[in-house]
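S.K.: Turn this into a structure:
(chains A and B)
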Amino acid sequence: ETGVTQSPTHLIKTRGQQVTLRCSSQSGHNTVSWYQQALGQGPQFIFQYYREEENGRGNFPPRFSGLQFPNYSSELNVNALELDDSALYLCASSLAQGAQGYTFGSGTRLTVV
Amino acid sequence: QKEVEQDPGPLSVPEGAIVSLNCTYSNSAFQYFMWYRQYSRKGPELLMYTYSSGNKEDGRFTAQVDKSSKYISLFIRDSQPSDSATYLCAMSRTTDSWGKLQFGAGTQVVVTP
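M.R.: Residues are numbered from 1 along each chain as shown, chains lettered A, B, ... in the order given. Below is the predicted model of the structure:
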């Protein structure tokens, strides 16, 4: 399978709930980065995973956590959802840490009400 | 103050005109400068990247970097309605941080037939 696949495409959650977003990396890609893109803003780096280990984190609180699995697919978990967490969540994968051309998925649109 | 500033637009131009986009930044440690295009409901796709100062041309696209002024530009010649999208500038310090980009807010471009 080619490309980066994210699921679900859209979801609505209530403030205080927890959510898990999923990312299936492009075939062979061992590095994945997660970004949050609020409406009308550019993506903001959340964290990166390289070979199942966290490899850098942006300015996001600990209630944002992640996992990368042996097949290099990844999850983003957000606990205690707040209204400001409403955004498009993007994952991007690459073959190696320093490689160019991270491929982005189409994102998951999360709405917190 | 944000590390990367970008005018959100919208920027409306007639078909065939030159589109001029720019970003300013504050951190002199940035070495790699990218331009991404993002269509509605899609993830960003890499258009061009430039290392340090200078110009780079790829078809109808030209990227310019002036590190002394902390200013980067993207020019699109002979613009087409299919160029209508949001254009994001992004920057990183090293090749290892390509997956941990600092994005601008994005400029929405509308090319009218």
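S.K.: Pull the contacting residues for B:Pro81.
M.R.: B:Glu15, B:Val111, B:Thr112, B:Pro113 (Cβ atoms under 8 Å, 6 or more residues apart in numbering or on different chains). C-beta coordinates here come from the backbone N, C-alpha and C atoms, glycine included.
S.K.: Out of the residues you listed, which is nearest to chain A?
M.R.: Closest to chain A out of the contacts of B:Pro81 is B:Val111 (20.0 Å), distances taken as Cβ to the nearest Cβ.
S.K.: how would you label the closest one: helix, strand or coil?
M.R.: strand (DSSP: H, G, I helix; E, B strand; the rest coil).
S.K.: Contacts only, for it.
M.R.: By Cβ under 8 Å, 6+ apart, the neighbours of B:Val111 are B:Ser12, B:Val13, B:Pro14, B:Glu15, B:Ala17, B:Val19, B:Ser79, B:Gln80, B:Pro81, B:Ser82, B:Asp83, B:Ser84.
S.K.: Report the buried members of those.
M.R.: B:Val13, B:Val19, B:Ser79, B:Asp83, B:Ser84 (16 or more other Cβ atoms under 10 Å in any protein chain shown).
S.K.: quick check, nearest of these to B:Gln38?
M.R.: B:Ser84 (11.3 Å; Cβ to Cβ).
S.K.: Can you name the residues of chain B sitting close to chain A?
M.R.: B:4, B:6, B:8, B:41-46, B:49, B:88, B:90, B:94-106 (Cβ under 8 Å from any Cβ of the partner chain).
S.K.: Show me which residues of stretch A:62-69 are buried.
M.R.: Buried-residue list, stretch A:62-69, by 16+ other Cβ under 10 Å: A:Phe64, A:Ser65, A:Gly66, A:Gln68.
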